[in-house]
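Participant: have a look; sequence and predicted model below, questions after that.
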Amino acid sequence: MILLDGKALSIKIKEELKEKNQILKEKGMQTCLAVILVGNNPASQTYVNSKAKACEEYGIKSLVYRLDENTTQNELLALIHTLNYDDSVHGILVQLPLPMHINKNLVLESITSSKDVDGFHPINVGYLNLGLESGFLPCTPLGVMKLLKAYEINLEGLDTVVIGESNIVGRPMATMLLNAGASVSICHIKTKDLKLYTQKADLIIVAAGCVNLLRSDMVKEGVIVIDVGINRLENGQIVGDVDFENVSKKASFITPVPGGVGPMTIAMLLENTIKSAKNRLN
Ligand code: GUN
């Protein structure tokens, strides 16, 4: 069994990005990411802090807007409008989830697609679905693809299962696998018999937010497992969606949690932000 070390790969990628960013700086371009957080969701606060910290560490300016839970939709849209027209800002990220009174889709559509470093704007989603990966790609699935590539895992013809159908991970993940030549099944909360799919799969990507969802009796020998889950147990321990102890005994490759997909997501956010600044310069 080989551990897919996202932490080590993310550090290597970030060091390379630091050099790319330095070249932009020498050309007079200070890369800048604006991050907007509405409300007090503790997990979101942690993610936003990690994103801002990574930016600073690698020479990207970050502007963090921490808005009150009661911020109106129009106030949020007005801030995005200002950032859309601010030439010193290259990436705009609105941390999800948003409070119930705000229409998420309207907000995501209001971010100009050229600064949509999350890859959630319908234009960028559209490019991905057309098999044209020329727009911005969502950071978590992009990080998974980079991790698989780094370990020379060829996806062509593989039988793959994606568990989870979110717009953030499951759907774009499935599309990227399809674009890479894999056969893809998408399973979700309403799937009648999950094991029916997973037991035949060469590669399983789990992004359901459910502790121990994937167990060893559900997978075949030699399976490749990517665990996108981040769950905090009552004792404070962070675990994924996979019963790592037992599934890892049958797997050929598997990601740990923490230290697998999580660090790759942040590296891809930096990559997208630098890509956006570079696009602007050109
Ligand atoms: N919430 C959970 N994951 C993400 C992400 O990748 N981007 C944003 N904006 N919000 C999230």
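Facilitator: Looks like it arrived, so ask away.

Participant: please make it C-alpha for all contacts and neighbour counts, starting now.
Facilitator: Will do.

Participant: what ranges does the stretch 51-200 of the chain have for its helices?
Facilitator: Under the criterion DSSP state H, counting those that start in this stretch, the stretch 51-200 of the chain carries helices at the ranges 73-84, 104-110, 122-129, 139-150, 170-179, 194-198.

Participant: report the buried residues of the fourth one.
Facilitator: Think helix 139-150. Within helix 139-150, the residues that qualify as buried by neighbour count (16 or more other CA atoms under 10 Å) are 139, 140, 141, 142, 143, 144, 145, 146, 147, 148.

Participant: check the last one too.
Facilitator: By neighbour count with 16+ other CA under 10 Å, helix 194-198 contains the buried residues 194, 197, 198.

Participant: and which of those residues is nearest to residue 32?
Facilitator: Comparing these against residue 32 with CA to CA picks out residue 198 as the nearest, at 41.4 Å.

Participant: how about the buried residues of helix 194-198 in JSON lines, adding distance to the ligand and pLDDT?
Facilitator: What follows is the buried residues of helix 194-198, written out as JSON lines (distance: CA to the nearest ligand atom, whole Å; pLDDT from 0 to 100):
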{"residue": "194", "distance to the ligand": "24", "pLDDT": "98"}
{"residue": "197", "distance to the ligand": "26", "pLDDT": "99"}
{"residue": "198", "distance to the ligand": "24", "pLDDT": "99"}
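
Participant: which stretch among the helices of the stretch 51-200 of the chain comes nearest residue 19?
Facilitator: Using CA to CA and comparing these, the one that lies nearest residue 19 is helix 139-150, at 18.9 Å.

Participant: mind listing residues that contact the closest one?
Facilitator: Contacts to helix 139-150, defined as CA atoms under 8 Å, 6 or more residues apart in numbering, come from residues 4, 6, 9, 118-119, 154, 168-170, 172-173, 176, 226, 261-262, 264-269.

Participant: repeat that with 7 Å
Facilitator: Contacts made with helix 139-150 from outside it, assessed by CA atoms under 7 Å, 6 or more residues apart in numbering, are listed as 6, 118, 169, 172, 173, 261, 264, 265, 268, 269.

Participant: in TSV: these, plus pLDDT, distance to the ligand and neighbour count.
Facilitator: What follows is the contacts of helix 139-150, written out as TSV (pLDDT from 0 to 100; distance: CA to the nearest ligand atom, whole Å; neighbours: other CA atoms under 10 Å):
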residue	pLDDT	distance to the ligand	neighbour count
6	98	16	27
118	98	6	24
169	98	8	23
172	98	11	24
173	98	12	29
261	98	12	27
264	98	11	29
265	98	7	22
268	98	10	26
269	98	8	27
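
Participant: which one among those gets closest to residue 55?
Facilitator: residue 269 (9.1 Å).

Participant: quick one, phi psi at that closest one?
Facilitator: Note on residue 269: its backbone torsions stand at phi -60, psi -40 [degrees, to the nearest 10].

Participant: span of stretch 156-173 from start to end?
Facilitator: With CA to CA, to the nearest Å as the measure, the first residue of stretch 156-173 is 15 Å from its last.

Participant: list the buried residues for it?
Facilitator: 158-165, 168-173.

Participant: same check, this time on stretch 19-39
Facilitator: For stretch 19-39, by 16+ other CA under 10 Å, it's 21-22, 24, 29-39.

Participant: filter those down to the ones in strands?
Facilitator: Within these, membership in strands is found for 32, 33, 34, 35, 36, 37, 38, as judged by DSSP state E.

Participant: could you dump those to JSON lines with pLDDT and distance to the ligand?
Facilitator: Rendered in JSON lines, the data for those read as follows (pLDDT from 0 to 100; distance: CA to the nearest ligand atom, whole Å):
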{"residue": "32", "pLDDT": "98", "distance to the ligand": "16"}
{"residue": "33", "pLDDT": "98", "distance to the ligand": "12"}
{"residue": "34", "pLDDT": "98", "distance to the ligand": "11"}
{"residue": "35", "pLDDT": "98", "distance to the ligand": "8"}
{"residue": "36", "pLDDT": "99", "distance to the ligand": "9"}
{"residue": "37", "pLDDT": "98", "distance to the ligand": "9"}
{"residue": "38", "pLDDT": "98", "distance to the ligand": "11"}
